[in-house]
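In: Sharing a sequence plus its predicted fold:
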Amino acid sequence: MLRVGIVPNTVTFNTMIHMFGNHGRLEEVALLMQKMEQLRCVPDTRTYNILISLHVKHDNIIVAKGYFKKMQEASLEPDVVSYRTLLYAFSTRRMVSEAEELVKEMNERGYEIDEFTQSSITRMYIESGMLEKSWLWFYRFHIRGKMSPECYAANIDAFGERGHVLEAEKVFESCRERRNPTVLEFNVMIKAYGINKMHDEACRLIDSMDEHGVYPDECSYNSLVQMLASADIPQKAAFYLTKMQESGLVSDCVPYCAVISSFVKLGQLEMAVRLFEEMVRFGLKPDVVAYGVLINAYADVGNIEGALRYVNEMKETGLAMNGVICNSLIKLYKKVGCLKNAEEVYYMLQRLDAGPDVYSSNCMIDLYTERSMLKPAEEIFEKLRRNRNANEFSYAMMLCMYKKIGSFDEAFKIAKQMRELGLLTDLLSYNHVLGLYALDGRFNEAVTIFNEMIKSGVEPTDLTFKSLGVVLMKRGVSKKAVKNLEIMWRNDYESGLEVWLATLDSVNSMVYGDE
DNA sequence: TTAGGGTTAG
């Protein structure tokens, strides 16, 4: 590591420790420390500062703290860098009492706390539920009048992100007492309103900016457009998007995508397409995501022509198909029952890097089940299982397949595996499995599944009780009695359920002798 | 340490 003949000094060691530490080579750092001791080369403040920040970076806060202490024991006074590094590390880890102790020591020594650490401590107090303290902490710096726009913004953000809009507004007002807020403070305040679903306030704030001689920038508009779009208010989002466009602040199709997908979500496909076309007219090139939104929208309504129009347009502009687009197409072909086309896309998916995912694989199994094509379904299912990707849907669909073609032994195997793997979590899976047991008159299994279902909080439906009724009748309960049970359940869920459970239990304990 | 887009079913 060190060439023979050259005696390194502390500065050389510092440089090397810094270098190795930055590359995560902590073993070499330890060796260097040993070497230093051997050569009686005394570590200085900078050595310790490097070690402290190094271990903070590697999340060894205890070790970092240890070096801070060791430094003091070696009669070296920690400087402002030592303090700031450790204090910042404490604050981001919400180590409140440790942080407060350091703050106290820094005050005593007249060391200034930097703005970055200041806002991080505000965050620490907020996230530790000490709202009062967080406000006083902010206020202490505010009254000193040395805060920068960045620092006010960071404090507004700290409160806003955690849902404390009132405090965020108070910081914003405090900032206005001193000077005009910059675009920075406006932007985090818009963000705070957005997080807290105060859309009108956010709009009013952006509208008021020019009165203060401040103009919304790309970030202001992006936040607002994003927020309105995800709040299902695409019309309003589109209004600000237009303003953004007029100010020449739209540089990519991201904000358009947000609004387009918001229209899609509300079922306003025409508006979505209109906006997409407007985006193209403004010279913004749609990317694969923008195309993906529309392709999926058409897939959802089963419109092959519409989906393919955009697939072709996308290909013509030289964009390659990706997994998401393929999934949308498979979903579409499954919906309209085009097995051949689905197979083509699935084949394409297999040649992509990521390969087919569970979703598209399940669609294929579903398509094969409709046609009772066991072999290809089993192949896909086996592959999913091998890669540990098979989920509840995969199993449930295979169960349907076996039931459909009359392979009950296989169907029971699937049902058993679903239980063992903990894949019985939703209503339809429960009903499938229950239906299977009922069909075969397996009373005990049916009752066990039903009890599990109730215990896990899944509410039974008509179909559930139909299966249970079948199973009861096979055990000799009269049709009339079963009808009564059904009526009781419909009239009053709670007490009806009680009677069902009691009936199943009493039939269960009768000495019929289970098969 | 100011914001950010698409797919999830029986």
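Out: Arrived safely, thanks for sending. Residues are numbered from 1 along each chain as shown, chains lettered A, B, ... in the order given.

In: With just CA atoms, put the helix or strand harbouring A:A481 into PDB.
Out: Element membership for A:A481, per DSSP states H and E: helix A:479-491. C-alpha atoms of helix A:479-491 as PDB (Å, rounded to 0.1, in the frame of the first residue of the first chain):
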ATOM      1  CA  LYS A 479     -84.000 -27.900   0.600                       C
ATOM      2  CA  LYS A 480     -86.500 -25.900   2.600                       C
ATOM      3  CA  ALA A 481     -84.200 -25.500   5.500                       C
ATOM      4  CA  VAL A 482     -81.400 -24.300   3.200                       C
ATOM      5  CA  LYS A 483     -83.800 -21.800   1.600                       C
ATOM      6  CA  ASN A 484     -84.600 -20.500   5.100                       C
ATOM      7  CA  LEU A 485     -81.000 -20.000   5.900                       C
ATOM      8  CA  GLU A 486     -80.500 -18.000   2.700                       C
ATOM      9  CA  ILE A 487     -83.400 -15.800   3.500                       C
ATOM     10  CA  MET A 488     -82.200 -15.200   7.100                       C
ATOM     11  CA  TRP A 489     -78.800 -14.200   5.900                       C
ATOM     12  CA  ARG A 490     -80.400 -11.700   3.400                       C
ATOM     13  CA  ASN A 491     -82.600 -10.200   6.000                       C
END
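
In: Pull up the residues of the stretch 101-250 of chain A that are close to DNA strand B.
Out: Residues of the stretch 101-250 of chain A found near DNA strand B (CB under 7 Å from any atom of the strand) are A:115-116, A:119, A:123, A:150, A:153-154, A:157, A:183-184, A:187-188, A:191, A:218-220, A:222-223, A:226. C-beta here means a position set from N, CA and C on the backbone, and glycine is covered the same way.

In: So, low pLDDT: which residues of chain A?
Out: A:1-5, A:511-515 (pLDDT under 70).

In: Burial check on A:L329, number of neighbours?
Out: Residues lying near A:L329 (other CB atoms under 10 Å) number 29.

In: Next: A:H212.
Out: 13.

In: Now do the contacts for the nearest residue to A:I121 once chain neighbours are set aside.
Out: The spatial neighbour of A:I121 that comes closest, neighbours along the chain excluded (CB to CB, 6 or more residues apart in numbering), is A:S91 at 4.7 Å. By CB atoms under 8 Å, 6 or more residues apart in numbering, the contact set of A:S91 is A:A99, A:T117, A:S120, A:I121, A:R123, A:M124.

In: again, only this time at 7 Å
Out: Shown in contact with A:S91 (CB atoms under 7 Å, 6 or more residues apart in numbering): A:A99, A:T117, A:S120, A:I121, A:M124.

In: do the same with A:F116
Out: Contacts for A:F116 (CB under 7 Å, 6+ apart) come out as A:Y88.

In: now the contacts of A:S91 as TSV including secondary structure and distance to A:S261?
Out: Shown next, in TSV, are those (DSSP: H, G, I helix; E, B strand; the rest coil; distance: CB to CB, whole Å):
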residue	secondary structure	distance to A:S261
A:A99	helix	42
A:T117	helix	39
A:S120	helix	35
A:I121	helix	39
A:M124	helix	36
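
In: Of these, just the buried ones, PyMOL syntax please.
Out: Remark: buried members of those, expressed as a PyMOL selection using 16 or more other CB atoms under 10 Å:
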select buried, chain A and resi 99+117+120+121+124
